[in-house]
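S.K.: structure, please.
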Amino acid sequence: MKLARTACATAAAIAVGGAMITGTAFAASPNPARTVTGLAGPTGVAVDSTGHLYVGNLTGNTVSIIDPGATTPNPAKTLTGLAMPAGVAVDSANHAYVSVFNAGAVAVFDPGATTLTPSKTLTGLDHPTGVAFDSAHRVYVSNYGTGGGGTTVSVFEPGATTPNPAKTLTGLTTPMGITVDSTNHVYVTNYGGGSASNTVSVFDPGATTANPAKRLTGLSGPSGVAIDSQHRVYVTNLAPAGAGTTVSVFDPGATVANPASTLTGLAGPFGVGVGPNDSVYVSNYGTLGTGTTVAVFDPLVTAPGQPGAPKVTPKVNKTAKIKWAAAAANGDTPTYLVQVAKPGKAWKTFTATTGRKYVGAVPGAKRGRTLQFRIIAVNSAGLGPASAVTTAVMK
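M.R.: Residues are numbered from 1 along each chain as shown. This is a model prediction of the structure:
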């Protein structure tokens, strides 16, 4: 099991009778696992399917590309000639979309391209910042607006270079960061003043106004937003003039952040991206764009999910074959505790394994005796919920 991060988790006692058992998320280390340097006012961040990191340099007018595992940009891959690149996103085919703040456009670069001329340009925007895609390949671009007065997100149909006005997302306050989850809910940060200030608006699939019941609150100048494979939402707290130091993390479905999961040790965090393995990348824009780094955090580890109910095949000589479906790992490979009990009696763990099968002796087994079985997954963050109980008559 992985124990690389600073932990503040205590596993709950194992309950009797198949009760749900949960652990506590590991708190983030105050120090990132590593730092990428050599940037200039870094803003938007994105990671492609091969692990390359893209970073917009707002004050450097470039997009840096960092090879997997590297801590400095690869100069041969730099995208140049951009007028204040604020946001960056990479689609499933590794086309890079760069919001060019001062040009009112999004430049699209083919995979591997470094040419000054993008393959196409999305227009009709007002000081664009965040860029994101949904599962139907629509492109969403937030309009920061002149002087931060923007209130909309423009939506481009697949292949279009001008937005579809009928699908514009409205009711926002200085929208900056944007992301779309696996079910096409759209998340937009509201950086500026007004009724939506210091929140993240959430739009249901196909909606053009936000769902107020899903609004994320308790933020300070939120600018970037991203979602990991466990459906946790990460929001950077840029705060006025880049004075923020944290990233808030929202558990799935929550509208207030989990303080135990806060990412710290940052300096004006602007953009946030999640890599293929749930590593988290945060750009340190700094005070008024003086930052030069991206902080990289290891995947957040939480207690594993619920394993499948065990399939028990009793064998002779007080043995059994037991199989079960895997639990969600949630950032760390789980160990499975195999438990047995007589009906109404206390559960006993009689083996632990990282596999999903056990063949061997069963404590308390006796010909004709009824026993109950369940599985619990545990990792470095604690215990997950117990599986459903399976009852078997031993041979």
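
S.K.: residue contacts, Tyr285?
M.R.: 41-43, 58, 238, 242, 267-271, 291 (C-beta atoms under 8 Å, 6 or more residues apart in numbering). Heads up, the C-betas are built off the backbone N, CA and C, glycines and all.

S.K.: from Ala40, how far out is it?
M.R.: 10 Å (C-beta to C-beta, to the nearest Å).

S.K.: quick one on the thing from earlier: how about the contacts of Tyr285, which pair is most distant?
M.R.: Across these, no pair lies farther apart than Leu58 and Ala267, at 14.8 Å, counting by C-beta to C-beta.

S.K.: okay, the two: which has more neighbours?
M.R.: Ranked by neighbour count (other C-beta atoms under 10 Å), Leu58 and Ala267 place Leu58 first, with 26 against 19.

S.K.: narrow the contacts of Tyr285 to those in strands?
M.R.: Counting by DSSP state E, the members of these that fall within strands are 42-43, 269-271.

S.K.: just the residues you listed now: which is nearest Lys366?
M.R.: For the ones in strands among the contacts of Tyr285, the minimum distance to Lys366 (C-beta to C-beta) is 60.8 Å, reached by Pro269.

S.K.: hmm, that closest one is touching Tyr234, no?
M.R.: No. In this structure, Pro269 sits apart from Tyr234 without contact. The criterion is C-beta atoms under 8 Å, and the distance is 9.8 Å.

S.K.: spell out which residues are contacts of both of those two.
M.R.: Once C-beta under 8 Å, 6+ apart is applied, the residues that Pro269 and Tyr234 both contact turn out to be 224, 247.

S.K.: out of those two, which sits in the more crowded spot?
M.R.: Regarding Pro269 and Tyr234, a neighbour count based on other C-beta under 10 Å identifies Pro269 as having more, with 33 against 27.

S.K.: ok, the more buried one - contacts?
M.R.: Going by C-beta under 8 Å, 6+ apart, Pro269 touches 223-224, 236-238, 244-247, 282-285, 295.

S.K.: what about it, distance to Pro385?
M.R.: Distance from Pro269 to Pro385, counting by C-beta to C-beta: 33 Å.

S.K.: what are the boundaries of the strands in the stretch 251-395 of the chain?
M.R.: For the stretch 251-395 of the chain, the strands defined by DSSP state E, counting those that start in this stretch cover 269-274, 280-284, 293-297, 311-315, 319-323, 335-341, 348-353, 357-361, 370-379, 382-383, 390-393.

S.K.: now for those, which one comes closest to Pro175?
M.R.: By C-beta to C-beta (comparing all of the strands of the stretch 251-395 of the chain), the closest turns out to be strand 269-274, at 14.0 Å.

S.K.: stretch 58-67: end-to-end distance?
M.R.: Between the opening and closing residues of stretch 58-67 lies a distance of 20 Å (C-alpha to C-alpha, to the nearest Å).

S.K.: run the chain-centre distance for it.
M.R.: Relative to the mean C-alpha coordinate of its chain, stretch 58-67 is positioned 23 Å out (C-alpha atoms, centre = their mean, to the nearest Å).

S.K.: and that stretch, what's buried?
M.R.: Burial within stretch 58-67, assessed by neighbour count using 16 or more other C-beta atoms under 10 Å, is assigned to 58-66.

S.K.: may I see those residues organised as JSON lines, with pLDDT, secondary structure and distance to Val202 added?
M.R.: Putting the buried residues of stretch 58-67 into JSON lines (pLDDT from 0 to 100; DSSP: H, G, I helix; E, B strand; the rest coil; distance: C-beta to C-beta, whole Å) gives the following:
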{"residue": "Leu58", "pLDDT": "95", "secondary structure": "coil", "distance to Val202": "26"}
{"residue": "Thr59", "pLDDT": "93", "secondary structure": "coil", "distance to Val202": "31"}
{"residue": "Gly60", "pLDDT": "94", "secondary structure": "coil", "distance to Val202": "33"}
{"residue": "Asn61", "pLDDT": "95", "secondary structure": "coil", "distance to Val202": "33"}
{"residue": "Thr62", "pLDDT": "95", "secondary structure": "strand", "distance to Val202": "32"}
{"residue": "Val63", "pLDDT": "97", "secondary structure": "strand", "distance to Val202": "28"}
{"residue": "Ser64", "pLDDT": "97", "secondary structure": "strand", "distance to Val202": "31"}
{"residue": "Ile65", "pLDDT": "97", "secondary structure": "strand", "distance to Val202": "31"}
{"residue": "Ile66", "pLDDT": "97", "secondary structure": "strand", "distance to Val202": "31"}
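
S.K.: Ala213: neighbouring residues, count only.
M.R.: 7.

S.K.: leaving out sequence neighbours, find the closest residue to it.
M.R.: The shortest distance from Ala213 to any residue other than its chain neighbours is 8.0 Å, reached at Thr255 (C-beta to C-beta, 6 or more residues apart in numbering).

S.K.: who's in contact with that neighbour?
M.R.: Remark: with contacts taken as C-beta under 8 Å, 6+ apart, Thr255 is in contact with 213-217.

S.K.: out of these, which are buried?
M.R.: Buried members of the contacts of Thr255, scored by 16+ other C-beta under 10 Å, are Leu216.

S.K.: who touches the closest residue to Ala325 other than its chain neighbours in this structure?
M.R.: Closest residue to Ala325 apart from its sequence neighbours, by C-beta to C-beta, 6+ apart: Gly308 at 2.8 Å. Contact partners of Gly308, counting by C-beta under 8 Å, 6+ apart, are 324-326, 375, 387.

S.K.: can you check the pLDDT for Gly308?
M.R.: Per-residue confidence for Gly308 comes out at a pLDDT of 98.

S.K.: tell me the spacing between it and Val225.
M.R.: With distances defined as C-beta to C-beta, the gap from Gly308 to Val225 amounts to 33 Å.

S.K.: again, but for Ala107
M.R.: Using C-beta to C-beta, which is the criterion applied here, Ala107 is 22 Å from Val225.

S.K.: now stretch 165-176 - C-alpha only, PDB.
M.R.: Only the C-alpha atoms of stretch 165-176 are listed here, as PDB (Å, rounded to 0.1, in the frame of the first residue of the first chain):
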ATOM      1  CA  PRO A 165     -25.700  31.400 -29.500                       C
ATOM      2  CA  ALA A 166     -28.700  29.100 -28.600                       C
ATOM      3  CA  LYS A 167     -26.400  27.100 -26.300                       C
ATOM      4  CA  THR A 168     -24.600  30.000 -24.500                       C
ATOM      5  CA  LEU A 169     -24.300  29.400 -20.800                       C
ATOM      6  CA  THR A 170     -25.500  32.500 -18.900                       C
ATOM      7  CA  GLY A 171     -25.800  34.000 -15.400                       C
ATOM      8  CA  LEU A 172     -22.100  34.000 -14.500                       C
ATOM      9  CA  THR A 173     -19.800  36.500 -12.800                       C
ATOM     10  CA  THR A 174     -16.400  36.900 -14.400                       C
ATOM     11  CA  PRO A 175     -16.200  33.200 -15.500                       C
ATOM     12  CA  MET A 176     -12.600  31.900 -15.700                       C
END
